[in-house]
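*Asks:* Generate a structure from the sequence data that follows.
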Amino acid sequence: MSKNIKDVNCFLLDMDGTIYLGNNLIDGVKEFLEELEAQNKRYIFMTNNSSKSKTTYVEKLKKLGINCDIDNIFTSGEATAIYLTEDKPNPKVFLLGTKDLEDEFINHGIILVNDTDEKPDFVVLGFDTTLTYNKIWKACDYLREGVSYIATHPDLNCPLEGGKYMPDTGSMIKMIEASTGKLPYIIGKPNKCIVESISKKFNIEKHHMAMVGDRLYTDVMLGVNSDITSVLVLSGETTMHDLEKSNVNPTYVFNSVKDIYSNLKEVGALL
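*Replies:* From the prediction side, this is the model:
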């Protein structure tokens, strides 16, 4: 773990609540990314939001004025697909997810059984903004039959502009638990396997990484669980009041990435 932020060579950046809120870029993001590039530091946009594909995120970021490609993006959906195919080649999955997540799974050789009566190897719960009662009902039936249960991430809410939120996968987990008593194995943040996957994929040593995000129970806990630097920004879900009540301790706390930029800029001036 890097105790000094200047020693971090790779920033893992949450997106919702950290880089943007809804369709609005958070102030200071462009300057922050430009400073990372000026100091030859790498950044990877890593999100628990599994409702969108990497291509969709690239398009969204470009519309917001940030140029990147799919190699700059790593989602909990991709991490889940990797996990499933490492566990079993061409697994059969009943998926509660969007079309983007379906495409991600299909691209990894996963067989989707959503519209058949064939029993799946896994029930996977993603951030399904197309969720229907029939999907929930069928998933609960499979879980009661003992099918393995996976969730892409545990976030309760997805932050939006104007201080608003939309219910996220963690809320859906609680709903399904109330019906079945079942809890999933969670792949995304705060599970350290997502950092290990990135370390292997990009050949980056973990002690050079920092996780930057707006949630204590996912972003900061990922840093704790992975033994990497954690940076909490107060531009999304977590407030200072939440932090004061929590026993989860980030390495650094900033109001937003704009303040990280200011700190790195001071370091850069000394180099």
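
*Asks:* From here on, just use CA atoms for contacts and neighbour counts.
*Replies:* Noted.

*Asks:* residue boundaries of the strands in the stretch 51-200 of the chain?
*Replies:* Along the stretch 51-200 of the chain, counting by DSSP state E, counting those that start in this stretch, strands occupy 73-75, 92-96, 111-112, 122-125, 148-151, 157-159, 165-167, 185-186.

*Asks:* distance between the second one and the chain's centre?
*Replies:* Which is strand 92-96. Put simply, strand 92-96 sits 20 Å off its chain's centre (CA atoms, centre = their mean, to the nearest Å).

*Asks:* Quick one: residues in contact with the helix or strand hosting A210.
*Replies:* Using DSSP states H and E, the element containing A210 is strand 209-213. Applying CA atoms under 8 Å, 6 or more residues apart in numbering, the set of residues contacting strand 209-213 from outside is 1-2, 8-15, 17-18, 219-220, 222-223, 228-233.

*Asks:* Show the subsequent helix or strand relative to that strand.
*Replies:* helix 221-226.

*Asks:* in that following helix, what's buried?
*Replies:* Judged by neighbour count using 16 or more other CA atoms under 10 Å, the buried positions of helix 221-226 are 221-224, 226.

*Asks:* before we move on, back to that, what strands line up against the strand holding A210, and which way round?
*Replies:* Strand pairing for strand 209-213, using DSSP bridges, gives strand 10-13 (parallel), strand 229-233 (parallel).

*Asks:* Please enumerate residues in contact with the shortest one?
*Replies:* Identification of contacts with strand 10-13 by CA under 8 Å, 6+ apart yields 19, 41-47, 204, 208-213.

*Asks:* Lowest average confidence across the strands of the stretch 51-200 of the chain, which one?
*Replies:* Among the strands of the stretch 51-200 of the chain, strand 157-159 carries the lowest mean pLDDT, a mean of 86.

*Asks:* Report the separation between V195 and G109.
*Replies:* 23 Å (CA to CA, to the nearest Å).

*Asks:* More neighbours: which of these two?
*Replies:* Counting neighbours by other CA atoms under 10 Å for V195 and for G109 shows that V195 has the greater number, 26 against 16.

*Asks:* so what's the more buried one up against?
*Replies:* 206, 226.

*Asks:* Going along the chain, name the helices of the stretch 151-271 of the chain.
*Replies:* Using DSSP state H, counting those that start in this stretch, the helices of the stretch 151-271 of the chain run over 169-180, 193-202, 221-226, 240-245, 257-270.

*Asks:* Which neighbouring elements make contact with the longest one?
*Replies:* Under the contact definition 3 or more CA pairs under 8 Å, 6 or more residues apart in numbering; DSSP states H and E, helix 257-270 sits against helix 29-38.

*Asks:* May I see the buried residues of the helix it packs on?
*Replies:* Buried residues in helix 29-38 (16+ other CA under 10 Å): 29-30, 32-33, 35-36.

*Asks:* send the alpha carbons of it over as CSV?
*Replies:* Output of helix 29-38 as CSV, limited to C-alpha atoms (Å, rounded to 0.1, in the frame of the first residue of the first chain):
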residue,chain,number,x,y,z
VAL,A,29,-12.2,15.7,-13.5
LYS,A,30,-10.6,16.7,-16.7
GLU,A,31,-7.7,18.5,-14.9
PHE,A,32,-7.2,15.5,-12.6
LEU,A,33,-6.9,13.1,-15.6
GLU,A,34,-4.6,15.4,-17.5
GLU,A,35,-2.4,15.7,-14.4
LEU,A,36,-2.2,11.9,-14.2
GLU,A,37,-1.2,11.7,-17.8
ALA,A,38,1.4,14.5,-17.3
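
*Asks:* Give me the angle between that helix and helix 257-270.
*Replies:* Here helix 29-38 runs at 30 degrees with respect to helix 257-270, directions being taken by axes from the mean of the first three to the mean of the last three CA atoms, to 10 degrees.
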